[in-house]
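> structure for the following, please:
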Amino acid sequence: MADTRLIHGFHAVTAKLRHAAEDVKEIYLAEDRKDGRSRDLLKLAEAHNVRVIPMSMARLDGLAGGESHQGVVAKVDARQRYLTLDDVLDGLTEPPLLLVLDSITDPHNLGACLRVADGAGAHAVVAPKDKAVGLNATAIKVASGAADTVPYITVTNLARSLREMQERGIWTLGAAGEATKDIYAIDQTGPTAWVLGAEGDGLRRLTRETCDELARIPMHGAVESLNVSVASGVCLFEARRQRQAKK
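Next up, the predicted model:
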C-alpha cells in the first residue's frame, strides 16, 4: 500500500481514468448503485481494463476516512510524476500564466484553487512543500478532475522559485489588500504569475518582498478579504480577459 493512495468521488476517479488510466489499480463502487453515472464509470473502467469491485457503503466510508465519496473510491499509484516548472514553461506556445500559492493549509481551498486554475487556463499551480497541505484525497476530490489537468508543482524554497520565474521574464504579482494599485490597473497580457496567500494571514514577508509588484482586489462591501480560491479566480480571469481583449 506504500506505493498507492486512495482517491474518491466521481469527478476525481473519472478524471484519473481519462488522463492517467495506467495509474488506477482498482475501483471500489457502491454495490447498490445502478444509476447512469455508475454505469458510465463502469464502461470507462472496462475500456481501460481496470477492475471494479462492488463494495458496501460502510466499507467505502471506512476507506474514505469519513469524507463524502459519492459511492466510489479508487486505489491509484501514489508516485507523482516529477515535473519541474521549466518542463511546463518550455512547452508553452503563449505567455505563461501561473498561480503561486503561499502556505495554503486547507485541502478544500487547494482543490478549489486547482479547479479555478483549470477554468482560467493557468499553466501550472506552484506551492511550497512545507507549511502547505499538499495534494491529498480531499483536495483531489474538490478539484473535480483539475488535479489531473493542471500541473501541481511543489518547490523547496518559494522565494527562490519566484526569483527563477523573474529570470525567465515572468512578472510576479502578489495579491495584497494594502496595495495601492488594483488588479485592473496592471497589464497582465505578458508572462504573469499571481501569488496568493491564505485568507487572513496573506503572503509571508519574504514572499511579499520578492514579488515584482503588489496589487489589491477592490472590495466594495463590508468584508475585507475573499477566500483564496475566489481571489485566485478574480485574478486569473482578469489576466485571461486582458489577453482575449488584446487579440
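> spell out, range by range, the helices that occur in the chain.
All helices of the chain, identified by DSSP state H, fall at 10-20, 36-47, 57-63, 85-90, 107-120, 137-143, 158-167, 205-210, 228-246.
> winner for burial among those?
helix 137-143 (a mean of 25; mean count of other C-beta atoms under 10 Å). Any C-beta I mention is one placed from the backbone N, CA and C, and that applies to glycine too.
> so which elements touch that one?
When contacts are defined as 3 or more C-beta pairs under 8 Å, 6 or more residues apart in numbering; DSSP states H and E, helix 137-143 sits against strand 4-8, helix 10-20, helix 107-120.
> if we use 7 Å, what do you get?
When contacts are defined as 3 or more C-beta pairs under 7 Å, 6 or more residues apart in numbering; DSSP states H and E, helix 137-143 sits against strand 4-8, helix 107-120.
> distance of the residue sitting furthest away from the middle of the chain from residue 93?
Residue farthest from the centre of the chain, counting by C-alpha atoms, centre = their mean, is residue 32 at 32.0 Å. As judged by C-beta to C-beta, to the nearest Å, residue 32 and residue 93 stand 48 Å apart.
> return the alpha-carbon coordinates of stretch 219-226 using PDB.
The C-alpha trace of stretch 219-226 is given here as PDB (Å, rounded to 0.1, in the frame of the first residue of the first chain):
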ATOM      1  CA  MET A 219     -13.700  45.500  -2.300                       C
ATOM      2  CA  HIS A 220     -17.000  47.300  -2.400                       C
ATOM      3  CA  GLY A 221     -18.800  45.700   0.600                       C
ATOM      4  CA  ALA A 222     -18.300  45.200   4.300                       C
ATOM      5  CA  VAL A 223     -15.900  42.200   4.100                       C
ATOM      6  CA  GLU A 224     -12.200  43.000   3.900                       C
ATOM      7  CA  SER A 225     -11.000  39.900   2.000                       C
ATOM      8  CA  LEU A 226     -12.000  36.900  -0.100                       C
END
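> residue ranges of each domain in the chain, please.
4-77, 85-246 (automatic domain parsing).
> would CSV of those domains with mean pLDDT be doable?
Shown next, in CSV, are the domains of the chain (pLDDT from 0 to 100):
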stretch, mean pLDDT
domain 4-77, 89
domain 85-246, 93
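> quick one: contacts for the residue nearest the centre of the chain?
For the chain, the residue whose C-alpha lies nearest the mean C-alpha position (C-alpha atoms, centre = their mean) is residue 114; its distance is 2.2 Å. Listed by C-beta atoms under 7 Å, 6 or more residues apart in numbering, the contact set of residue 114 reads 125, 143, 146-147, 150, 152.
> which one of these is nearest residue 199?
Nearest to residue 199 among these, counting by C-beta to C-beta, is residue 125 at 17.0 Å.
> neighbours around that closest one, how many?
26 (other C-beta atoms under 10 Å).
> in the sheet, who's paired with it?
residue 99, residue 152 (DSSP bridges).
> on that earlier part again, how about the helices and strands packed on helix 137-143 in JSON lines, adding distance to residue 72?
Listed next are those as JSON lines, based on distance: least, C-beta to C-beta, whole Å:
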{"stretch": "strand 4-8", "distance to residue 72": "6"}
{"stretch": "helix 107-120", "distance to residue 72": "17"}
